[in-house]
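Student: Everything below, folded, please.
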Amino acid sequence: MTPHIEEIKTRITHTETPRRLLEAKLHEAIRRAREQIAVREGLELEGKE
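Tutor: So this is what the prediction gives:
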């Protein structure tokens with residue numbers, strides 16, 4: 001392969017992996033936040049009954 005293609009592949013590899021990690025962390029944070037909201041709403045509903 002030409003050096004240009006190798007450079008592009010390397011650049012994609014180095015930028016894609018951190019991006020995927022950030023996306024995974026973001027999705028995990030959103031999931032945890034939704035769980036906390038559900039728990040709080042459940043506690044509020046129990047208090048009203």
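
Student: alpha carbons only for contacts and neighbour counts from here, please
Tutor: Will do.

Student: Helices of the protein, residue ranges please.
Tutor: For the chain, the helices defined by DSSP state H occupy 3-48.

Student: where in it is pLDDT low?
Tutor: For the chain, the stretches with pLDDT under 70 are 1, 48-49.

Student: can we see that at 80?
Tutor: Within the chain, the segments meeting pLDDT under 80 span 1-3, 8-18, 44-49.

Student: Any figure for the gap between Gln36 and His4?
Tutor: 48 Å (CA to CA, to the nearest Å).

Student: Quick one: neighbours of Pro18, just the number.
Tutor: By other CA atoms under 10 Å, the residues close to Pro18 number 11.

Student: swap that for Arg20, sorry
Tutor: Residues within reach of Arg20, counting by other CA under 10 Å, total 11.

Student: how far away is it from Thr13?
Tutor: The spacing between Arg20 and Thr13, counted by CA to CA, is 11 Å.

Student: just to revisit the earlier point, who's more crowded, Gln36 and His4?
Tutor: Neighbour comparison, Gln36 and His4: the larger count goes to Gln36, with 12 against 9 (by other CA under 10 Å).

Student: Next one: the more buried one relative to Glu7, how far apart?
Tutor: Using CA to CA, Gln36 is found at 44 Å from Glu7.

Student: repeat for Glu23
Tutor: Distance, Glu23 to Glu7, by CA to CA: 24 Å.

Student: Same check on Arg40?
Tutor: For Arg40, the distance to Glu7 equals 50 Å [CA to CA].
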